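Novice: the sequence and its predicted three-dimensional model are supplied below.
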Amino acid sequence: MEADSLQITPELLEQHPVLAVVVGTFGMMMLGGLAGSALAWAMVLRRWYQGKTVLPRRPWEPRRWGLIDLILTVAVFYCLQMLFFGLGVTWLDIDVNALRNAEATPPIGFTALVSLSNLGTVGIITAWIVARYRRGAQHAGWTADVIREVGIGMVAGLLVIPVVYVLSAVVSTAFDTKYAHPILDSMRAEASLVGFLLAVFVAVITAPVSEEFAFRVLLQGWLEAIPGRDKSAVLFGASSDTTAQDEGEAVAAKPSFPPSMPDVLLGQRSGNLIKDGEETPVLVAQVVEPLGPESSPAAERSMAMAPASVDAPAPYSNLSSVPAPTASPPWWPALVSGTLFGLAHWEYGLSFIPLIVFGVALGVVYRARQSIWPCLVMHMMLNAISMASMGVQLLVWHYQQ
């Protein structure tokens, strides 16, 4: 089935009312998505112009896992893949030699079964991190405020996904290439409702969960914690001692003077005060306490010129009585994880180019939120749109036969 051979004509829609309803619904969904994207961009630009925070930022605690935990993840993944691969070959009577020689496309049922190994890996490694480092599941990205993070992910998806599709169209037109993916090949080989639902499960559930956990939570979280950490902690993980964050004390994102350019563009000109799970933006002027009612410009100048004493408080030591302010994570891990995410789709044609842009956007969101939920929503939205488009194509192809 080639997309170029599919033609939706008025006669075809008139002959098949079900197809007309599906095509009309899909078209309305796309128009609604474009309207939502325009509204989201208008809202974000308005907040940025007013100097408000565009992407609220959580206080950051460096992730404690090390390179050894990433290696363990790869080992668990391959072990589970071999297990489910063997089960699929046995249960579904798969010709292994044909698959190895690329003589046959794996059935979508087989692909769905093997993809369960991805979810198993995520569950096992999450439990491993919780047990080894004595942290809750939110340390592995599974934060408790799901509803708010889902909302942030939906808005971010409306902002980013149209840009990704436009870039994909430009790349496809400029280089005369088409998007390729094993799931799409399987669907073309065996077009059926059950096969389509299994493909949706793989593309919209298992792929986003496993990829976001791998690239954002594990890889980017590990990279963000590298600066300032000794080699032993980088390789084998940090100790599991408790911090003020585990005890519910107030923790503020340490303001930077001056703030970095990406932070300025995102409206992150201030820290965020967190206490008992509640996040409140705190301007720098609010964080640094005044000298006192008796202070004057002359007194301030004299204090600034006075030599520092041993008992003098350190700069910004009065940050809202915060016991241990945390700095923001560096930006480069978001670029690295996003680039590797795109390159992981290298074999699917030139789609890796727009996917690098999408991966970097996912990295930026994860850097700010330290939560897997908004990244999951963005990834699921992108794949859901692709699968919906594929479903319409399959239905048109079916009625053209």
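Specialist: Everything's here; your move. Numbers count the residues shown, from 1 in each chain.

Novice: buried residues in the helix or strand harbouring Leu167?
Specialist: Assigned by DSSP states H and E, Leu167 belongs to helix 146-175. Buried residues in helix 146-175, counted by 16 or more other C-beta atoms under 10 Å: 148-149, 152-162, 164-165, 167-168, 171-172. C-betas here are computed from N, CA, C, even on glycine.

Novice: so the longest helix belonging to the chain versus helix 146-175, what angle?
Specialist: Longest helix in the chain, counting residues (DSSP state H): helix 17-49. Per axes from the mean of the first three to the mean of the last three C-alpha atoms, to 10 degrees, the angle that helix 17-49 makes with helix 146-175 is 110 degrees.

Novice: next SSE downstream of helix 17-49?
Specialist: helix 67-92.

Novice: distance from the chain centre to stretch 385-401, please.
Specialist: With C-alpha atoms, centre = their mean, to the nearest Å as the basis, stretch 385-401 stands 28 Å off its chain's centre.

Novice: give me the helices and strands touching the longest helix of the chain, please.
Specialist: If you count contacts as 3 or more C-beta pairs under 8 Å, 6 or more residues apart in numbering; DSSP states H and E, helix 17-49 packs onto helix 10-15, helix 146-175, helix 372-400.

Novice: let me see the mean pLDDT of it.
Specialist: The pLDDT scores in helix 17-49 average 95.

Novice: in it, what counts as buried?
Specialist: Leu19, Val22, Val23, Phe26, Gly33, Gly36, Ser37, Ala40, Val44.

Novice: kindly report the same for stretch 335-348.
Specialist: Leu335, Val336, Ser337, Gly338, Thr339, Leu340, Phe341, Gly342, His345.

Novice: just name the closest of these to Leu87, please.
Specialist: In terms of C-beta to C-beta, no member of the buried residues of stretch 335-348 lies closer to Leu87 than His345, at 26.4 Å.

Novice: any weak-confidence spans in the stretch 301-401 of the chain?
Specialist: 301-326 (pLDDT under 70).

Novice: follow-up on the earlier one: from the buried residues of stretch 335-348, which ones fall inside helices?
Specialist: The helices, defined by DSSP H, take in Leu335, Val336, Ser337, Gly338, Thr339, Leu340, Phe341, Gly342 from these.

Novice: and these, which is closest to Leu119?
Specialist: Of all those, Leu119 sits closest to Phe341, with 18.5 Å by C-beta to C-beta.

Novice: so who does the closest one touch?
Specialist: Residues near Phe341 by C-beta atoms under 8 Å, 6 or more residues apart in numbering: Glu211, Phe215, Leu355, Ile356, Phe358, Gly359, Leu362.

Novice: what do you get if the cut-off is 10 Å, keeping everything else the same?
Specialist: 211-212, 214-216, 219-220, 352, 355-356, 358-360, 362-363, 379 (C-beta atoms under 10 Å, 6 or more residues apart in numbering).

Novice: that older thread, who wins for proximity to Thr206 among the helices and strands packed on helix 17-49?
Specialist: Of all the helices and strands packed on helix 17-49, helix 372-400 comes closest under C-beta to C-beta, at 10.3 Å.

Novice: list the buried residues for the closest one?
Specialist: Those would be 372-388, 390-397, for helix 372-400 by 16+ other C-beta under 10 Å.

Novice: ok, stretch 221-231 next?
Specialist: Neighbour-count burial for stretch 221-231 [16+ other C-beta under 10 Å]: Gly221, Trp222, Leu223, Glu224, Ala225, Ile226.

Novice: the first one reaches Arg135, doesn't it?
Specialist: No: the pair Gly221 / Arg135 is not scored as a contact, 11.7 Å apart, by C-beta atoms under 10 Å.

Novice: show me whatever sits in contact with both of these two.
Specialist: In terms of C-beta under 10 Å, 6+ apart, Gly221 and Arg135 are both contacted by the residues Arg63, Arg64, Trp65, Ile129.

Novice: quick one, phi/psi of the second one?
Specialist: To tie it back to what came earlier, the one meant is Arg64. Main-chain dihedrals, Arg64, degrees, to the nearest 10: phi -100, psi -10.

Novice: then the third one?
Specialist: Per-residue torsions, Trp65: phi -70, psi 160 (degrees, to the nearest 10).

Novice: burial measure for it, as a count.
Specialist: 26 (other C-beta atoms under 10 Å).

Novice: the second one now?
Specialist: Arg64 has 22 neighbours, counted by other C-beta under 10 Å.

Novice: quick one on the thing from earlier: starting at the chain centroid, how far to the helix holding Leu167?
Specialist: Using C-alpha atoms, centre = their mean, the offset of helix 146-175 from its chain centre is 12 Å.

Novice: who are the contact partners of Val164?
Specialist: By C-beta under 10 Å, 6+ apart, the neighbours of Val164 are 157, 351, 353-359, 361, 378, 382, 385.

Novice: and those, which is closest to Phe110?
Specialist: Ser351 (23.2 Å).

Novice: thought that closest one was touching Val357?
Specialist: No: judged on C-beta under 10 Å, Ser351 makes no contact with Val357 at a distance of 11.1 Å.

Novice: need the buried residues of stretch 335-348 in JSON lines (columns: distance to Asp176).
Specialist: Shown next, in JSON lines, are the buried residues of stretch 335-348 (distance: C-beta to C-beta, whole Å):
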{"residue": "Leu335", "distance to Asp176": "29"}
{"residue": "Val336", "distance to Asp176": "31"}
{"residue": "Ser337", "distance to Asp176": "30"}
{"residue": "Gly338", "distance to Asp176": "26"}
{"residue": "Thr339", "distance to Asp176": "25"}
{"residue": "Leu340", "distance to Asp176": "27"}
{"residue": "Phe341", "distance to Asp176": "25"}
{"residue": "Gly342", "distance to Asp176": "20"}
{"residue": "His345", "distance to Asp176": "19"}
